[in-house]
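Chemist: here's my sequence, what's the structure:
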Amino acid sequence: MTTQGTIALLDVSSSSYPERLCAAALQGLANRGGPRVFLDYGVYDDPEARRTNEAFIDERAWRGKYRDMLGDQDRLCLDYYEGAHGISARRVESLDALIAENRSLVSGRVVWDESMPDTANVTLMLAARDGLLPVTAGMADRAGTAGLPVAHDLRGRWAGRLELYRWALDELFPDCTEGSIACVEPEWRRPEFADYLVQNRIFTYSLSSGGSGAGGTILRLLAFGPAPLREAVFALGLDGPLRRLGLALAGSGSPEARLSNRIQRKTLARPYPTIFGWHTARDDELSFMLQLSSNGLRLVPAHLAANFSFHSRVAPLPAAGTAAAGPAVAAAPALLAGPAVAERKTEIDPDGVYVTFTLSDGDQLMMMNSGQLGNWRSPSRGAVPFNWEVQPLLAELAPALLQRYTRNAAPSDCLVAGPSGAGYVVPPLCPDLRSYMSETARLCAMAGLTVATSYVADPPRRVLRRLARYRGALAGFLCGYAVVGRAPQGIRDGCVFVANELPLASGIHDPAERLLEQVKARIEAPGPRPRFIAAHLFAYRAGIDDVARFVAGVSDERVHFVRADEFLAAARAHYSRHDREGGGA
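Modeler: The predicted structure is shown next:
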């Protein structure tokens, strides 16, 4: 279909959802053989494109702050590949033309039921297994699909969602890739990640986690409850039985949660099973995370993540002085890690205040695909020390995309593993935290990352001891997406842990100005020094430009704005001395 180095580019920015779903499925089939097809979804001006069951970016913020910064994220990604990898794009005029070019890959059609949106997920699994194009009844006679036999017609086959996914679990799960599943909400009509699901034959469903009842309450207490209670539960080894009880209660109160538990537990993989996607329209992020973490999975957030069948097939660039990379996708550590950052010998200022800022949500594939919502392209990058969460799993899933960051990082940029390492989890709920952390250490080494974040600000001591076992691979941990109760800092079993002081859980959605006012207040507050202040910026409200303006307005020479690795090194030096002097941590 393509000449050497040339790929097909189709603009789907004005296409309907059914057309986009069809194009994405075809893209997944085509890209099994290499990076051949790229879709341009355009600028996400449709407000529904930027929401799940909450608005991540409202219209005022989108138009005033994010739109120009983000731009046409797909086109900008392709520009990078054209410049860095020598890929050239050939525009295809229509979906019908793209189908015609790839006709040899397609054996027929599968018709999904628009009155039952979940049939779209079944369609993707059938498309992946049998080489089919997903179409609606209204698309059946279009030129591109004319002549293709209808292999499956899903209209009217199931009475409801539960019946549909029970059938899929029995009939389709055995033919899907082992160790990976996806939760995709078809009601949101966002097919961007469908190409990767089809390419990799991933079992796809949409079922609630049932986290609003007693079961969810138990799991929330294990993760975020009163510190004395959690410490006692974990010290006595009661967390496992309570975790299982919480899952069982959630399942007993919700047939959807019960079937979802069954699917998640059936997803066995070594070293660690993975779920892609996001939560459903019937629950929220926290309930979803409590369930999947307790069932022993890690999440790769994939809502709005376009072209990952393409990203996954682009070979990373060779390191300087090595031979050109071949067609293999796997990457050696030297291919991913950027120029080595020399170890910084930080002299502790005994009267200083050390401040570090981390941009949240980099574990989301959409964030990696979009240049961290455009922040990576800001003129402010390189002017101030700044930490960028990234997804370590990209070292294997899409190494060339991760390399876009590792190779181009400025000396003031520090790439850190997003919560809570190789995949998004709630660490106190992981039944096999050892395997999860072993994978995190391995993938961080591949990606050249030395700092990890942890979703919970104050994990129980037993969890800290487990994390600390990997101090040889990681410099330490910045803990907490937001502060629920305590925000401790110090050294545990030789590993440094510093909780992000801000934001408080109640202030996650505060505008950047409000968050930075609180940082300023903490800098100026009386009390012992040196002081260590870590702030976790909610990416949909604050960014690097906000931080650059804030830093420019601070003239106190005792205030040190530093990267995460420098910050943790300074904290380690201080708390190690404090321990030697008998203070404890």
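Chemist: please save the CA atoms from the helix or strand harbouring Leu124 in PDB.
Modeler: Using DSSP states H and E, the element containing Leu124 is helix 119-130. The C-alpha trace of helix 119-130 is given here as PDB (Å, rounded to 0.1, in the frame of the first residue of the first chain):
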ATOM      1  CA  THR A 119     -22.500  -3.600  20.200                       C
ATOM      2  CA  ALA A 120     -19.800  -1.300  18.900                       C
ATOM      3  CA  ASN A 121     -17.400  -3.000  21.400                       C
ATOM      4  CA  VAL A 122     -18.300  -6.400  20.200                       C
ATOM      5  CA  THR A 123     -17.900  -5.200  16.600                       C
ATOM      6  CA  LEU A 124     -14.300  -4.200  17.300                       C
ATOM      7  CA  MET A 125     -13.500  -7.700  18.700                       C
ATOM      8  CA  LEU A 126     -15.100  -9.400  15.700                       C
ATOM      9  CA  ALA A 127     -13.300  -7.000  13.300                       C
ATOM     10  CA  ALA A 128     -10.000  -7.800  15.000                       C
ATOM     11  CA  ARG A 129     -10.500 -11.600  14.900                       C
ATOM     12  CA  ASP A 130     -12.000 -11.900  11.400                       C
END
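Chemist: got the contact list for it?
Modeler: Residues outside helix 119-130 that contact it (CB atoms under 8 Å, 6 or more residues apart in numbering): 21, 25, 28-29, 107-108, 110, 112-113, 132-134, 151-152, 154-155, 157-158, 164, 168, 172, 175-176, 184, 186, 191, 194, 197-206. In this view, the C-beta of every residue, glycine as well, is placed from N, C-alpha and C.
Chemist: one more pass at 7 Å, please.
Modeler: 21, 25, 28, 107, 110, 112-113, 132-134, 151-152, 154, 164, 168, 172, 175-176, 184, 186, 194, 197-198, 201, 203-206 (CB atoms under 7 Å, 6 or more residues apart in numbering).
Chemist: how about stretch 204-216?
Modeler: 118, 121, 124-125, 165, 168, 182-186, 197, 246-251, 253-254, 256-257, 259-260, 263, 279-280, 282-283, 287-288, 290-291.
Chemist: restricted to strands, list those.
Modeler: Those of those mapping onto strands are Ala182, Cys183, per DSSP state E.
Chemist: show the buried residues in the contacts of stretch 204-216.
Modeler: 118, 121, 124-125, 165, 168, 182-186, 197, 246-247, 249-251, 253-254, 256-257, 259-260, 263, 279-280, 282-283, 287-288, 290-291 (16 or more other CB atoms under 10 Å).
Chemist: shouldn't Met437 be within a strand?
Modeler: No: checked against DSSP: H, G, I helix; E, B strand; the rest coil, Met437 lies outside a strand; its state is helix.
Chemist: how many other residues sit next to it?
Modeler: Using other CB atoms under 10 Å, the number of residues around Met437 comes to 24.
Chemist: need the nearest residue in space to it, chain neighbours excluded.
Modeler: Excluding the flanking residues, the one nearest Met437 by CB to CB, 6 or more residues apart in numbering is Tyr470, at 5.3 Å.
Chemist: the one you found reaches Arg442, doesn't it?
Modeler: No: using CB atoms under 7 Å, Tyr470 is not in contact with Arg442, being 10.0 Å away.
Chemist: any idea how far Tyr165 lies from Asp283?
Modeler: 16 Å (CB to CB, to the nearest Å).
Chemist: most centrally placed residue in this structure?
Modeler: Centroid-nearest residue in the chain: Gln364, 2.4 Å away (criterion: CA atoms, centre = their mean).
Chemist: need the contact list for that residue.
Modeler: Contact partners of Gln364, counting by CB under 7 Å, 6+ apart, are Pro301.
Chemist: again, but for Phe193
Modeler: Phe276, Ala302, Ala305, Phe308.
Chemist: what pLDDT does it get?
Modeler: Model confidence at Phe193, given as pLDDT, is 98.
Chemist: one step back: now, of the contacts of Phe193, which are buried?
Modeler: Buried among the contacts of Phe193 (16+ other CB under 10 Å): Phe276, Ala302, Ala305, Phe308.
Chemist: please flag which of the buried ones among the contacts of stretch 204-216 sit within helices.
Modeler: 121, 124-125, 165, 168, 197, 246-247, 249-251, 253, 256-257, 259-260, 263, 287-288, 290-291 (DSSP state H).
Chemist: ranking helices and strands of this structure by mean pLDDT, which lands last?
Modeler: helix 333-336 (a mean of 49; mean pLDDT, DSSP states H and E).
Chemist: and Phe276, what is it in contact with?
Modeler: Ser180, Ala182, Phe193, Ile202, Val300, Ala302.
Chemist: at 6 Å what do you get?
Modeler: Ala182, Val300, Ala302 (CB atoms under 6 Å, 6 or more residues apart in numbering).
Chemist: okay, now the sheet partners of the helix or strand harbouring it, with direction.
Modeler: In this structure, Phe276 sits in strand 274-277 according to DSSP H and E. Strand pairing for strand 274-277, using DSSP bridges, gives strand 180-183 (parallel), strand 298-301 (parallel).
Chemist: for the last one, give me every contacting residue.
Modeler: By that I understand strand 298-301. Residues outside strand 298-301 that contact it (CB under 6 Å, 6+ apart): Tyr272, Thr274, Ile275, Phe276, Trp278, Leu292, Gln364, Leu393, Gly423, Tyr424, Val425.
Chemist: show the buried residues in these.
Modeler: Buried among those (16+ other CB under 10 Å): Tyr272, Thr274, Ile275, Phe276, Trp278, Leu292, Gln364, Leu393, Gly423, Tyr424, Val425.
Chemist: in stretch 15-28, what's buried?
Modeler: 15, 17-28.
Chemist: quick one: average confidence on it?
Modeler: Here the average pLDDT along stretch 15-28 is 97.
Chemist: show me what contacts Leu78?
Modeler: So Leu78 contacts Phe38 (CB under 6 Å, 6+ apart).
Chemist: meant to ask about Gln391
Modeler: Asp363, Met368, Gly418.
Chemist: now it. Nearest residue, chain neighbours left out?
Modeler: Asp363 (4.7 Å).
Chemist: end-to-end on stretch 410-421?
Modeler: 22 Å (CA to CA, to the nearest Å).
Chemist: same deal with stretch 383-391?
Modeler: First-to-last residue span, stretch 383-391, CA to CA: 24 Å.
Chemist: check which helix or strand covers Ala534.
Modeler: Per DSSP H and E: strand 531-537 holds Ala534.
Chemist: helix or strand next in line after that strand, which one?
Modeler: Defined by DSSP H and E, the subsequent element after strand 531-537 is helix 544-552.
Chemist: tell me the first helix or strand C-terminal of that next one.
Modeler: Taking DSSP H and E, what comes next after helix 544-552 is strand 559-561.
Chemist: tell me what that next one is packed against?
Modeler: Secondary-structure packing of strand 559-561 (3 or more CB pairs under 6 Å, 6 or more residues apart in numbering; DSSP states H and E): strand 353-359.
Chemist: if I pick Phe288, what's in contact with it?
Modeler: So Phe288 contacts Ser209, His279 (CB under 6 Å, 6+ apart).
Chemist: same deal with the one 5 residues further on?
Modeler: Ser293 makes contacts with Val425, Val426, Leu429, Cys430, as judged by CB under 6 Å, 6+ apart.
Chemist: on the three-state scheme, it is what?
Modeler: Classified using three-state DSSP, Ser293 is helix.
Chemist: make TSV out of the strands paired with strand 274-277 and add mean pLDDT and distance to Ile218.
Modeler: Formatted as TSV, the strands paired with strand 274-277 follow (pLDDT from 0 to 100; distance: least, CB to CB, whole Å):
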stretch	mean pLDDT	distance to Ile218
strand 180-183	98	22
strand 298-301	98	20
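Chemist: kindly reformat those strands as a markdown table containing distance to Gly71.
Modeler: Shown next, in a markdown table, are the strands paired with strand 274-277 (distance: least, CB to CB, whole Å):
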| stretch | distance to Gly71 |
| --- | --- |
| strand 180-183 | 27 |
| strand 298-301 | 21 |
